[in-house]
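Asks: Got a sequence here, can you model it:
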Amino acid sequence: MTAKASRKYLVIAVTLSFVLLALLDPNFMEAWETKTVDWRFLVRGAQPAGDAVAIVMIDERSIQEGGRWPWPRETMARLLTRISAGAPRVIAFDIIFSEHETVATEASPSYPPTLSAGERQFQTAIKTAGNVMLGVGLDVPADYRTDAVVLPNLPLRDLNNLSFSRIVPGAGGAVEAVGALPPLAPFAEAAAALGHVYVLPDRDGVLRREFLWLSYQGDYYPPLSLQTARLYLGVAHPLMALRLGEGIRLGRFTVPTDEYGRMLINYRGREGTFLQYAAIDVLRGAVPASVFADKAVFIGLNAIALGEMKVTPLSHGMTGVEKNANVTASIIDRTFLYRAGWMKMIDAGWILLLGSILWQGLPRLRAVGGGALAAALMTLHIVLVTMVFIRWGLWIHMVYPAGSIAVSYVSFTAFEYFVEERKARQVRAMFASYVTPRVLAEMIRNPELAQLGGTRQEMTVLFSDVRGFTSYCTQYPPQQVVGLLNEYLAAMTDVIFHWEGTLDKFVGDAIMVFWGAPLPQPDHALRAVCCALAMRKRLSELQQKWRSEGKTPFDTGIGISSGEMIVGNIGAAGKKMDYTVIGDAVNLASRVEGLTRKYPYPIIMTATTYQQVAQTTGAADLLFQAGIHEIDTVKVKGREQEAGMVIYGVESV
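Replies: Next comes the predicted model:
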């Protein structure tokens, strides 16, 4: 499998892993995902509260001016009567009236206590209004409970319109309560319906969901908010059906929930979004009763040490009654947020779509282009899921697809980096001593240009040798010979690299160079001839220097040949490998270099090289200025039966 294919399969593996995560939806990603929901609320901003719901708040001023809490039942009766006079559709107390005004003891002759005069007034006011909702406390096990209050295990079956009368079986479940705290029986019997007031924030403390049913002693119980919306809409209790794992059928429409009966709360805004009236102002008649006409009116607490503040996606101090107002308004207006179990399939499909774009696009792009693609997909994903949330209330998972994009790109890029770095090390180790730094850098950027295997291609090779070097070595001290030779080879290497030749090897005093590999060089013949001319010019400068130093200079001969050659790594694998060229054209270069000892020309080339140079654009002046011309037709050893080979030479440089 190629590295490119491996990287592509890596993206596929990452994508499928996130598809599996989306389908299983483990809880460890929930904290991150819910934060993205909060962000979507912030992007959407506040929404109109509507005119269906109003709140009468027993706030700090009401308690200061109306007396310490709890207020006498007679006061609560007057408050209820004034609100009811405005003809609201439903009045909901987000207060549990579970205790008598006076505490009786077993020693008291009235144990258990009877209703006080104020309690009888409150009971009458509830019954007269005919549309009053009361709250019931339910105690959930420690895994779910958010407070430390343990409620008594009281029966609820006989309470008025509390449990669901119709239950449609399904795949969902329910959170099981172990205790209950209902209102006093006389109040419960007078009320139109009851609803639980249990809430459970998410693990980060933010309240995002409402339990539309809880299980207790074999029955299922709706919340106060749902019951309030039902009475407001005029849906009879028998027409409210619980569909396990799906939602609540309320007349002709369904309120969606997840499999545990939780409804996503569509908060309209921060605290204070809904119409609010101070309870003390209502009691004093400062608020006309007509403002409550045709409304669902909640009565709740918002005083220091009394109001239980909730953290929501849009607020850090919302009262429980305002939370209920948001839920009820959403049900009345049917402005729901959706996050059902089947939506996991949407998440998985979206991840697959994004992943398919990545695994097709990333292998075709470099790091910057791949980063741009990943960033574009990430932006598209975030914008789309946010728009879908704002426009249709659909909670499409943001973290899993975003994580798939990020991990795919990072893993792909990291894998590519390590693979390319390994290739770069291989190229650097193989060619660092052969080519110029510029050519080496180009090969590292484009490793595919460095054909490390054997290939057959048109190239030019140059041989340079010191004339009479053997006798020269016997005439002078070794230190002088080695010093001059090293200086000569260093100077020639600079010239060779200047003309971007590939330095094959030094064989004693001989130099072998070729052009046309590892990078393509269409003008390889011209480069070789120019390099040879430059080498002779540089040698002339060295010779003058050596003479000035009292040293005897030496001279060289250069042979050049062009033609088809085999280039590649040749040697013993794992022992000694050289990147070199072989072939008949290589042998010819060595032979014509030897002819420089027979003819008075320091540079001799084959006719093939000359013709290729002559056909190169702009090379005519070079041939004229260098005085390159035909010098002879010679027989080549091993080719005696063939016609002679024409050679060209340079008289001097």
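Asks: how many neighbours does residue 578 have?
Replies: Counted with other C-beta atoms under 10 Å, the neighbours of residue 578 add up to 12. C-betas here are computed from N, CA, C, even on glycine.
Asks: what packs against the helix or strand where it lies?
Replies: Taking DSSP states H and E as the criterion, residue 578 maps to strand 576-582. Where contact means 3 or more C-beta pairs under 8 Å, 6 or more residues apart in numbering; DSSP states H and E, strand 576-582 is packed against strand 502-507, strand 556-572.
Asks: Can you tell me which of the ones you listed is nearest to residue 310?
Replies: For residue 310, the closest of these is strand 556-572, at 72.4 Å, according to C-beta to C-beta.
Asks: hmm, what's the outermost residue in this protein?
Replies: residue 475 (74.2 Å; C-alpha atoms, centre = their mean).
Asks: For it, which non-adjacent residue is spatially closest?
Replies: residue 552 (7.7 Å; C-beta to C-beta, 6 or more residues apart in numbering).
Asks: can you check residue 404 too?
Replies: Nearest to residue 404 is residue 18, by C-beta to C-beta, 6+ apart, at 3.8 Å.
Asks: How is the one you found classified with respect to secondary structure?
Replies: At residue 18 the chain is in helix, as set by DSSP: H, G, I helix; E, B strand; the rest coil.
Asks: now the helix or strand containing residue 64: mean pLDDT?
Replies: Residue 64 belongs to helix 60-66 when assigned by DSSP H and E. For helix 60-66, the mean per-residue pLDDT is 91.
Asks: In terms of secondary structure, what does that helix contact?
Replies: helix 279-283.
Asks: Sheet-wise, list the partners of the helix or strand just after the helix it packs on with their directions.
Replies: Tracing the chain past helix 279-283, the next element assigned as helix or strand by DSSP H and E is strand 296-302. Strand pairing for strand 296-302, using DSSP bridges, gives strand 53-59 (parallel), strand 90-93 (parallel).
Asks: Now strand 296-302: buried residues?
Replies: 296, 297, 298, 299, 300, 301, 302 (16 or more other C-beta atoms under 10 Å).
Asks: what's in contact with it?
Replies: 52-60, 69, 79-80, 83, 88-95, 228-229, 231-232, 279, 307-308, 319-322, 324-325, 328, 332 (C-beta atoms under 8 Å, 6 or more residues apart in numbering).
Asks: Can you dump the C-alpha atoms of the next helix or strand after it in PDB for me?
Replies: Next along the chain after strand 296-302, taking DSSP H and E as the criterion, comes strand 309-312. Written as PDB, here are the backbone C-alpha positions of strand 309-312 (Å, rounded to 0.1, in the frame of the first residue of the first chain):
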ATOM      1  CA  MET A 309     -32.000  30.400  40.900                       C
ATOM      2  CA  LYS A 310     -31.300  28.300  37.800                       C
ATOM      3  CA  VAL A 311     -28.300  28.600  35.500                       C
ATOM      4  CA  THR A 312     -29.500  28.500  31.900                       C
END
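Asks: Let me see the domain layout of the chain.
Replies: Domain ranges of the chain: 3-22+341-415, 60-97+114-333, 445-650, per automatic domain parsing.
Asks: Kindly reformat those as CSV containing distance to residue 40.
Replies: As requested, those are exported to CSV (distance: least, C-beta to C-beta, whole Å):
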stretch, distance to residue 40
domain 3-22+341-415, 5
domain 60-97+114-333, 8
domain 445-650, 43
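Asks: tell me the most buried of the ones you listed?
Replies: Across the domains of the chain, averaging neighbours per residue (mean count of other C-beta atoms under 10 Å) puts domain 60-97+114-333 on top, at a mean of 19.
Asks: quick one, what contacts residue 632?
Replies: Applying C-beta under 8 Å, 6+ apart, the residues contacting residue 632 are 599, 646, 647.
Asks: Could you rerun that using 6 Å?
Replies: residue 647 (C-beta atoms under 6 Å, 6 or more residues apart in numbering).
Asks: picking up where we left off before, and the next helix or strand after the strand holding residue 578, what does it pack onto?
Replies: Scanning forward in sequence from strand 576-582 by DSSP H and E, the next helix or strand is helix 584-594. Judged by 3 or more C-beta pairs under 6 Å, 6 or more residues apart in numbering; DSSP states H and E, helix 584-594 is in contact with strand 455-466, strand 556-572.
Asks: Can you give the contact residues for the helix or strand following helix 584-594?
Replies: The first helix or strand that comes after helix 584-594 along the chain, using DSSP H and E, is strand 603-606. Residues outside strand 603-606 that contact it (C-beta under 6 Å, 6+ apart): 532, 558-561, 588, 592, 595-596, 647-650.
Asks: and what of stretch 74-91?
Replies: 118, 121-122, 125, 129, 131-132, 228, 231-232, 279, 282-283, 289-290, 292-297.
Asks: try 7 Å this time
Replies: Residues outside stretch 74-91 that contact it (C-beta atoms under 7 Å, 6 or more residues apart in numbering): 56, 66, 118, 121-122, 125-126, 129, 131-133, 228, 231-232, 279, 282-283, 289-297, 299.
Asks: host element of the closest residue in space to residue 266 that isn't next to it in sequence?
Replies: Ranked by C-beta to C-beta, 6+ apart and with sequence neighbours excluded, the top spatial neighbour of residue 266 is residue 330, at 4.4 Å. In the assignment (DSSP H and E), residue 330 maps to helix 320-333.
Asks: rewinding a little: can you list the strands paired with strand 296-302 in JSON lines and add distance to residue 353?
Replies: Listed next are the strands paired with strand 296-302 as JSON lines, based on distance: least, C-beta to C-beta, whole Å:
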{"stretch": "strand 53-59", "distance to residue 353": "40"}
{"stretch": "strand 90-93", "distance to residue 353": "45"}
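Asks: so which of those gets nearest residue 536?
Replies: strand 53-59 (98.8 Å).
Asks: List the contacts of that closest one.
Replies: 83, 274-279, 282, 291-292, 295-303, 321-322, 325, 328-329.
Asks: so residue 631 makes contact with residue 601?
Replies: Yes: between residue 631 and residue 601 there is a contact at 6.3 Å, judged by C-beta atoms under 7 Å.
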